[in-house]
Every structure is written in structure tokens, then in C-alpha cells.
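Student: any chance you could fold what I've pasted below:
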Amino acid sequence: MKKTIFLFLLAVTLLFNVTNEVLASEDVYQIDNFKIIVTSINENGVTGFTVEKTGGNPFVSTVTNDLEHYFITGVKQIEDYYVLYGYGFTNNSDTKYDSLIFVFDSAGNTILKDLRDYGSMENVIDVFYIDDIFIACTEKVNDVGFSYQFNSNYFTSYDLDFNYLDSVEISSKIYKLSSNEMYVLVGFDSIEYDVGIRSDLSLISKNELLNISEEQVFSETVTIEFINSATINNDYVENGVTIDYPGNYTLIYNNIEYNFVVSPLISGVVNKQIYNDSVIPSISSGNIILNNDIFIPGTVISSPGNYDLVVTGANNYSSEISFTITSNLTGVVNNNVYVEPKTLEFNGNGYLNNQFVESPYEVVEFGEYIFKIRGENNYLETYFFAIEDDAKETSFIDFVQRVDILVLVAVLISGGIILKKK
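Tutor: Sure thing, here's the model as predicted:
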């Protein structure tokens, strides 16, 4: 019935064109700071349309076909593409209106034309873009005695190259339709959404329980799927949420409470590990403190020392990793005697017999030595060694007594303190 009426109108139009040559209509769609102007073409039996983009990088593109007829009812910009949608039909077809999508790139080239038949009269009412997938919503109606009765809806998906992927049918009439980064949101009344459609066209309903066990721990990030409203740590959220900040979380949805933890992803250091070389801790997120100072993830830590890395997050969350970096000393071994000069190579601040030295430092004089390396957070390494003019071994008990840091003895005399060498 509907196609018959339009074929009649088409015949009238063609008759009108005999004397007037051209009959055209123009629709203007404002998108951000530019316009898309769609002008229908019906000239000398050829039908189609011209699409013009204004503003930056403008283009004009014309589509004509003497066997097909196109009716554009909406335009949407998705990424760098311009999607025109509506309905159309083919001459001498046994079907009525079919769903219609045209896609143009930024230069005005036609990327896709999809005139798709679902067995009745169809009209594309909106298009969406989720997770690199294009989804078109088509409403299907039946022609019953000069009136149109709703039949069902189809959601059709296309990949980035606009190849057809799949479709799913929803039989209820839609009164509320929108999208976010996770779903096409569908409501069967005007109050709330009843269904979310993912990019793979699978469905999530508003009454589903959340797949979260009590006190479950998620590493680095978690995406929680739900429809309509919820609260997380008393903050209002809706239609799904992704959490990528460490913390203790309480989510309330459909009057059910879910408690879970999001922990940061930490790499580059391991708890209680001792390192001889520098480390580069990487922490996915959170408030990060290293030895009571703010730490920027990815910073190289090379100084010897004891380190406490603390990550705090939402709702009193805290995680700690302790590790140690040594001086990586080469040149001498503790409690050894040498008969030739030795070169000390190390990281950190070195003190040879209480005198500051920098790496590399060559010890050439005969004698007995105490070498200490100080680092972060009260870190200390101590080495005893000697260089002698022969291979005679030295008693290190005597050695330490003779050479170690002065042992100070406090003697109280006449109400004063006198320091004397032992």
C-alpha cells in the first residue's frame, strides 16, 4: 500500500518534470559548527540526492540511480564519517520500503550503501557507534488498511570497514533510545531503560544481578555493567561504569549491595626483594608515596637504600611494597686482605675510614680500612679490608679494634664529660 502510493506520487512527479524539468527539496542538518545539506534529485527520470558539507574540509557529493529511490530522514557524524539514513525502494520490487544507510568519508566518497529488506516496511531511525562498531536501529511496520502497525525493531551492526556483521530483533516498541560508550540503550516506556545492547549485539536487562562476589579483588580496572542508576561509594552513576582507580568500593544496584576492591597494577618491583641495580617502578594509578615523598611512576630509582612504596586510594585503601637496592660494590670483599691496590666502584655515598669518597676510588696505600656506604632510609653497608706489602694475614679482631671508628668512652669527672680514646 505504502509503496503503491509513492509510485503514484513518483508518476505525478515525473509528469510534473516534463514541463518543469527539475523538482527538488532541501533539508539542512546542523552538526556542531557545520551543516549537512541534503537536496533530493528528480530530473528526467533520474532520482537521487546531493549531500553538501559546509565549514572546514567541505565537499559536495551526488548519488543518483534510475532504479532506486532514496528518502533521507536523518544525518549523523560518527568519527570521520557522515552517515545518512532513512528508507528507500527499488522499482519493480515485490517488497515495500527498505531500511537505508549511506556512509560518506571526509572527502565525500561513498563508503557504504545498504538498502536492506526485513520483509515488510522498514525505516532506519538512528545510528550509533560503540567500541569501533556501527549499529543501525531500524523500525519495521506493517501496512494494514491504510494504517501502519508496529511490528518490531532490528539492530544491525557493521565493522570499521562497514562490512555487515549481524543483526538482532527486539519485538517491543521503543519509546526511549540513546547510547553511551557501552550500550545502545532501549526503553519500552519513557521512564527508564529496559535493555542495553552491546557492540556484539548481546543484551543486558535492567533486572540482571551483577557478577561480583563479596570482597572480590579486581586488578587495575573493572567494568561493571548495569542499566539505569546505581551508587558507588555514595556517588550516583548510571548505565554502566569503568573504575580504574584503586580503592575499596561499595556499589548499590536494585537495592543489592556489592563490596569489592580495585588494586593497582604494580610492576618493576616486588615486595621484600633485594636489587643490585636500579629499578623502575610502574604503578597504574593511585596516590603514590615513596619514603614519605610523592613518587612519579616510571622514575628510575638507583640510589642504594631501604624503600617503602605506598599506594593509597578511595575509601581508605592502602597497599605497600618494601624493597632494598644495594650499592653493588665491586673491588673488595668483606674481611679480605689484599697485596695490591684496589679500585672501589659503587652506588651511593662512600666513606673510607670516615672520609667521603666518590666512585670509582682507588685505594693504593698499605693499611687497614673500613669502607661504609650510606643510602636512603638509614641504609648502611660496612666492609673491612686491608692492603699489605706481603701475604701475611691479619687478625681481624685486632684489626677492627685498631682501625674501626673511635670507640668513645664517657668518663664523668668532676661534674664534666671527658672523651678519651680507648
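Student: I'd like the next helix or strand past the strand or helix carrying V83.
Tutor: V83 is located in strand 81-90, with elements delineated by DSSP states H and E. For strand 81-90, the following helix or strand on the C-terminal side (DSSP H and E) is strand 98-104.
Student: thinking again about what came up before, tell me the strands beside the strand holding V83, with direction?
Tutor: Sheet pairing here is set by DSSP bridges, and for strand 81-90 it gives strand 68-78 (antiparallel), strand 98-104 (antiparallel).
Student: nearest to S359, of those?
Tutor: Shortest separation from S359 across the strands paired with strand 81-90 is recorded for strand 68-78, at 59.9 Å, computed as Cβ to Cβ. Placement of C-beta: from N, CA and C, glycine included.
Student: got the buried residues for that closest one?
Tutor: By neighbour count on 16 or more other Cβ atoms under 10 Å, the buried set for strand 68-78 is E68, H69, Y70, I72, G74, V75, K76, Q77.
Student: now the closest residue to S61 other than its chain neighbours: how far from Y183?
Tutor: The shortest distance from S61 to any residue other than its chain neighbours is 3.8 Å, reached at G108 (Cβ to Cβ, 6 or more residues apart in numbering). Distance check for G108 against Y183: by Cβ to Cβ, to the nearest Å, it reads 31 Å.
Student: ok, V279 next?
Tutor: The spacing between V279 and Y183, counted by Cβ to Cβ, is 42 Å.
Student: show me which of the two is the more surrounded one.
Tutor: Summary of the neighbour comparison: V279 and Y183, criterion other Cβ atoms under 10 Å, with Y183 having more neighbours (24 against 17).
Student: need phi/psi at the more buried one.
Tutor: Backbone torsions of Y183, given as degrees, to the nearest 10, read phi -140, psi 160.
Student: show me what the residue nearest to it when sequence neighbours are not counted is bridged to.
Tutor: With sequence-adjacent residues excluded and distances taken as Cβ to Cβ, 6+ apart, Y183 is closest to G196, at 3.4 Å. Beta-bridge partners of G196, counted by DSSP bridges, are L185, I204.
Student: domains for the protein, by residue range?
Tutor: 2-205, 215-325, 336-413 (automatic domain parsing).
Student: mean pLDDT added to those domains, as a markdown table?
Tutor: Formatted as a markdown table, the entries for those read as follows, by pLDDT from 0 to 100:
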| stretch | mean pLDDT |
| --- | --- |
| domain 2-205 | 86 |
| domain 215-325 | 97 |
| domain 336-413 | 80 |
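Student: ok so, going back, host element of the residue nearest to S61?
Tutor: Assigning secondary structure by DSSP H and E places G108 outside every helix and strand.
Student: my guess is it meets K53, correct?
Tutor: Yes: proximity of G108 to K53 meets the contact threshold set by Cβ atoms under 8 Å, at 7.1 Å.
Student: which one's more surrounded, the two?
Tutor: K53 (22 against 16).
Student: the more buried one pairs with what?
Tutor: Beta-bridge pairing for K53 (DSSP bridges): I36, F59.
Student: now stretch 99-117, how far from the centre of its chain.
Tutor: Distance of stretch 99-117 from the chain centroid (Cα atoms, centre = their mean, to the nearest Å) equals 30 Å.
Student: ok, residues contacting that stretch?
Tutor: 51, 53, 57, 59-61, 63, 68, 70-72, 80-88, 90, 95, 98, 118, 122-124, 127, 136, 138, 154, 156, 158, 162, 164 (Cβ atoms under 8 Å, 6 or more residues apart in numbering).
Student: for Y249, give me its contacts.
Tutor: Y249 makes contacts with I232, N233, I243, N259, F260, V261, V262, A314, N315, as judged by Cβ under 8 Å, 6+ apart.
Student: do S318 as well
Tutor: The neighbourhood of S318, defined by Cβ under 8 Å, 6+ apart, consists of V310, V311, T312.
Student: looking at those residues, state which has the most neighbours.
Tutor: The most crowded member of these is V311, carrying 23 neighbours; neighbours defined as other Cβ under 10 Å.
Student: who's in contact with the residue nearest to it when sequence neighbours are not counted?
Tutor: Closest residue to V311 apart from its sequence neighbours, by Cβ to Cβ, 6+ apart: G286 at 4.2 Å. Each residue near G286 by Cβ under 8 Å, 6+ apart is listed here: Y245, P246, P264, V311, T312, G313, Y317, S319.
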